[in-house]
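Novice: here is my input; please provide its structure:
(4 chains)
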2 protein chains.
Amino acid sequence: MTTDVDLAAAARLIAEPARAAMLDALLSGQALAAGELARAGGIRASTASGHLSQLVEGGLVEVTHSGRHRYFRLASPDVAHALEALGAISPPRPIRSLRQSRTDEAMTLARTCYDHLAGVVAVSLVDAFVAGKLLAAGGDGFTLTPAGAEALTDAGVDIAGARSSRRAFARSCLDFTERRPHLAGALGAALCAHTLAEGWFVRRAPGHRALRITDEGRRQLLKRWNIGV
Amino acid sequence: MTTDVDLAAAARLIAEPARAAMLDALLSGQALAAGELARAGGIRASTASGHLSQLVEGGLVEVTHSGRHRYFRLASPDVAHALEALGAISPPRPIRSLRQSRTDEAMTLARTCYDHLAGVVAVSLVDAFVAGKLLAAGGDGFTLTPAGAEALTDAGVDIAGARSSRRAFARSCLDFTERRPHLAGALGAALCAHTLAEGWFVRRAPGHRALRITDEGRRQLLKRWNIGV
DNA sequence: CCAACAGTTCGGTCGGCGCCGAAGCGTTGG
DNA sequence: CCAACGCTTCGGCGCCGACCGAACTGTTGG
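Specialist: Model (predicted):
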């Protein structure tokens, strides 16, 4: 690699099916408890405990504890990015059931990608923002225009908070299903947090990435940015 | 994952140290023969053969044969991208020798990233292109301006050929050592091919990514785009 | 304080897979 | 046409690591 880096060490952590399933669950952006992750991986708590130690040791995951629970989350957006990139070259898994394929469809419409929105809705939002000159496509990511800052602040998104974060402000992230960019970075996270808080979207299941658009969400998307989904 | 993909399957292929070393060698963008890859992985030909079958089977690598040789290369830019992303979250390997650390330094200056240029030089080039309005930062990548098309054609880069490719024309790719974007896509590949063909850079070793800037290269970079390295 | 609960540690089992050398097959060049 | 060469296939060996259940630690709530 670039400067000498142990590619195999990071890959090894992802290569174990149970660990991969746990990381996948963490891609929801939520912090999840050890027990929930054990369930996500289809393994016993004792086995999961060992896996989680390895993930923390390897720097992919961070842990915070609260009482008798330990909550795990991805260590950084870089980890989420690597998982997404790896997903782009992974073989599709045979669809096991009708239920499965319906979940898949839901995923393509709206989901979280670590801590920001992804799917058809997210790509449509970026398109609308760029068309309405709230966002300017620029270089490696986007730039929020003064009009955009006003409009989003008006909508209730915490722009000031996002600006004060040390993260990249408005990154572009390749949407895996749409193959077109959506909004990531601190701004993307703030937008996602706000829309979830306002109830425009709700999680289909805790610790899973798929989102359901609420009636309120549909109304707001249509009214504010003329997005019909 | 997004729609259900087998993350672990792809990771498993990268997780084996010998395979990771082979993939690393292929990140040079060159097609390499099985024997060369065996050497890169530090294993016997028979073992390498098995590994290469797995990589081809898994869709990470493609093979073409020519006489009694079989040449392998990465199957797509997506694979290179995933490897780079994984590299960003991999632990550094302890530096083994002085020689090693000198190679590392060389890498940060100029190297190939799959089929385009990376390192300080590549980032400087993009900066110069953008400053000189040959390239416009836009959306997910870049746009070549009319002035840029003229200047690069003038410099001998095959712009027409790059345009006729089905690949994304001018993507941006995050430089791992510089943490800033450099030029990828068909245009990046054409630029890389041209500068290598003209002898501005030479590979430090076959099947390795590090490039050495020649005197001619320094002269041209300085004269054409005022880049001193 | 004690029962229930979340999570970790430990010991033992077992399967998967990476490794090599030897043998075999097709290609090449003298 | 045969020796050298590049590569693959096969068989056998050995190790790593994932798994579970049982026992233990620490926290919470009644």
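Novice: look at the closest residue to residue A:208 other than its chain neighbours and report its pLDDT.
Specialist: Spatially, and ignoring its direct neighbours in sequence, residue A:208 is nearest to residue A:28 (6.0 Å; CB to CB, 6 or more residues apart in numbering or on different chains). For the C-beta atoms, the positions are set from N, CA and C on the backbone; glycine is no exception. We have a pLDDT of 85 for residue A:28.
Novice: helix, strand, or coil at residue A:28?
Specialist: Three-state assignment for residue A:28 (DSSP: H, G, I helix; E, B strand; the rest coil): coil.
Novice: next up, the contacts around it.
Specialist: Shown in contact with residue A:28 (CB atoms under 8 Å, 6 or more residues apart in numbering or on different chains): A:112, A:203, A:207-209.
Novice: what's the answer for residue A:16, then?
Specialist: Contacts of residue A:16 by CB under 8 Å, 6+ apart are A:51, B:8.
Novice: swap in residue A:80?
Specialist: Residues near residue A:80 by CB under 8 Å, 6+ apart: A:27, A:29, A:74, A:113-115.
Novice: secondary structure element for it?
Specialist: Here residue A:80 is covered by helix A:77-87, with elements defined by DSSP states H and E.
Novice: ok, and the closest non-adjacent residue to residue A:103?
Specialist: Distances taken as CB to CB, 6+ apart place residue A:210 nearest to residue A:103, at 6.2 Å, with adjacent residues excluded.
Novice: neighbours of that neighbour, how many?
Specialist: If you count neighbours by other CB atoms under 10 Å in any protein chain shown, residue A:210 ends up with 21.
Novice: got a list of what it touches?
Specialist: So residue A:210 contacts A:103, A:106-107, A:110-111, A:203-204 (CB under 8 Å, 6+ apart).
Novice: and the helix holding residue A:80, which residues are buried?
Specialist: For helix A:77-87, a neighbour-count test (16 or more other CB atoms under 10 Å in any protein chain shown) marks A:77, A:79-87 as buried.
Novice: what is the residue nearest to residue A:103 paired to in the beta sheet?
Specialist: Here residue A:210 shows beta-bridge partners residue A:111, assigned using DSSP bridges.
Novice: and the gap between it and DNA strand C?
Specialist: With the distance defined as CB to the nearest atom of the strand, to the nearest Å, residue A:210 ends up 23 Å from DNA strand C.
Novice: how about the strands in chain A?
Specialist: Per DSSP state E, chain A carries strands over the ranges A:32-33, A:61-66, A:69-74, A:111-113, A:116-118, A:135-138, A:141-144, A:171-174, A:181-184, A:201-203, A:211-213.
Novice: a markdown table please, covering the buried residues of helix A:77-87 and showing distance to residue A:145 and pLDDT.
Specialist: Converted to a markdown table, the buried residues of helix A:77-87 look like this (distance: CB to CB, whole Å; pLDDT from 0 to 100):
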| residue | distance to residue A:145 | pLDDT |
| --- | --- | --- |
| A:77 | 24 | 88 |
| A:79 | 31 | 94 |
| A:80 | 27 | 92 |
| A:81 | 26 | 88 |
| A:82 | 31 | 93 |
| A:83 | 31 | 94 |
| A:84 | 27 | 88 |
| A:85 | 30 | 90 |
| A:86 | 34 | 95 |
| A:87 | 32 | 90 |
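Novice: where does chain A have low pLDDT?
Specialist: For chain A, applying pLDDT under 70 flags the ranges A:1-3, A:94-100, A:138-140, A:166, A:174, A:176, A:179, A:206-207.
Novice: in it, what residue comes closest to DNA strand D?
Specialist: As assessed by CB to the nearest atom of the strand, DNA strand D sits closest to residue A:67 within chain A, at 2.7 Å.
Novice: what's near enough to touch residue A:85?
Specialist: Listed by CB under 8 Å, 6+ apart, the contact set of residue A:85 reads B:78, B:81-82, B:84-86.
Novice: and with 10 Å instead?
Specialist: Going by CB atoms under 10 Å, 6 or more residues apart in numbering or on different chains, residue A:85 touches A:174, A:176, B:10, B:78-86, B:88.
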